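Enquirer: just coords:
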């Protein structure tokens, strides 16, 4: 008889008994949970993501903005979180004009993979980048970058417990972490960060750090946020670099204090 799959929609972490080979005994271990989360706009299901079941209102708002479904938080009239036995539904009520645009896009959507390219009619749709470039630029000191890189490691409470999550942080121009969001998925962590920034109306005088690689989609979401700098702990892709260059984003990779590599707009990072 098949065993029923249990979905924990309440907790980010669950404790399991595991056999650890180096001590050859059973011990307790903290494991990160991932939950199917459905995005439902005005009653119509749009997408399902596997994510950590926390910061769900921020996730709903940030995903809606980064995917171009809405432009501002004022386009979102309400968010209802419905926890079910097999996952979570985010019932999102959006402006009628935004919903009509979403329905028009869905007529051409045949399918989509985790890379976000399948089902798009052309490259502009696939990249989902905004029509305008970033219109404000910050100059960030090297000391601010290094300060943020040193402190982000100690700020990741979920990662320290499980070793299985990514983090995205909003950092002030002085290098102080103002908001940090964690999730089993790097895209989800960035969406949650975008939602938190927009909901709290945080100043745009800052930059984004991600503990992942810098894929084009991480660049796309940062551009949609309107931030002028993205710093990634790991490597960027070629498409990410070209997209950052086109849309005015300073892209930094392999950022592990005190070293980093600047791929675009190096003049925006100043030496102390």
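Expert: Structure's in. What do you need? Since the model is a prediction, treat every value here as computed from it, not as a measurement.

Enquirer: any low-confidence regions in the stretch 51-200 of the chain?
Expert: Judged by pLDDT under 70, the stretch 51-200 of the chain has its weakly predicted residues at 107-129.

Enquirer: contacting residues around stretch 25-32?
Expert: Residues from elsewhere that reach stretch 25-32 (C-beta atoms under 8 Å, 6 or more residues apart in numbering): 12-20, 52, 158, 161-162, 164-165, 184. For every residue, glycine as well, the C-beta is placed using N, CA and C.

Enquirer: Who wins on neighbours among the residues you listed?
Expert: residue 52 (28 neighbours; other C-beta atoms under 10 Å).

Enquirer: list the contacts for it?
Expert: Applying C-beta under 8 Å, 6+ apart, the residues near residue 52 are 12, 32-35, 158, 165, 182-185, 188.

Enquirer: swap the cut-off to 7 Å and go again
Expert: 12, 32-34, 165, 182-184 (C-beta atoms under 7 Å, 6 or more residues apart in numbering).

Enquirer: tell me the phi and psi of it?
Expert: Per-residue torsions, residue 52: phi -70, psi 140 (degrees, to the nearest 10).

Enquirer: Not counting sequence-adjacent ones, nearest residue to it?
Expert: Excluding the flanking residues, the one nearest residue 52 by C-beta to C-beta, 6 or more residues apart in numbering is residue 183, at 4.5 Å.

Enquirer: what's the answer for residue 59, then?
Expert: residue 192 (4.9 Å).

Enquirer: How is that neighbour assigned, secondary-structure-wise?
Expert: On the three-state scheme (DSSP: H, G, I helix; E, B strand; the rest coil), residue 192 is labelled helix.

Enquirer: start at 650 instead
Expert: Understood, numbering begins at 650; the last thing we discussed is residue 841.

Enquirer: Just to check, it is in contact with residue 703?
Expert: No. Checked against C-beta atoms under 7 Å, the pair residue 841 and residue 703 is beyond contact range at 8.1 Å.

Enquirer: Neighbour count: these two, which is higher?
Expert: Legend: neighbour count by other C-beta under 10 Å for residue 841 and residue 703, higher for residue 841 (30 against 17).

Enquirer: now the more buried one: how far from residue 826?
Expert: According to C-beta to C-beta, to the nearest Å, residue 841 stands 15 Å off from residue 826.

Enquirer: Check residue 738 too.
Expert: 31 Å.

Enquirer: who does residue 828 bridge with?
Expert: On the basis of DSSP bridges, residue 828 is bridged to residue 819.

Enquirer: Now for it, how many residues are close by?
Expert: There are 17 residues near residue 828, going by other C-beta under 10 Å.

Enquirer: try residue 916
Expert: 9.

Enquirer: And residue 795, by the same measure?
Expert: 18.

Enquirer: what's the pLDDT at residue 654?
Expert: For residue 654, the pLDDT comes out at 79.

Enquirer: Am I right that it is in a helix?
Expert: No. Counting by three-state DSSP, residue 654 is not found in a helix; it is coil.

Enquirer: so who does it touch?
Expert: No contacts exist for residue 654 under C-beta under 7 Å, 6+ apart.

Enquirer: make it 8 Å
Expert: Contact analysis of residue 654 by C-beta under 8 Å, 6+ apart lists residue 735.

Enquirer: ok, back up a step: among the contacts of residue 701, which one sits closest to residue 747?
Expert: Taking C-beta to C-beta as the measure, residue 747 lies nearest residue 832 of these, at 24.5 Å.
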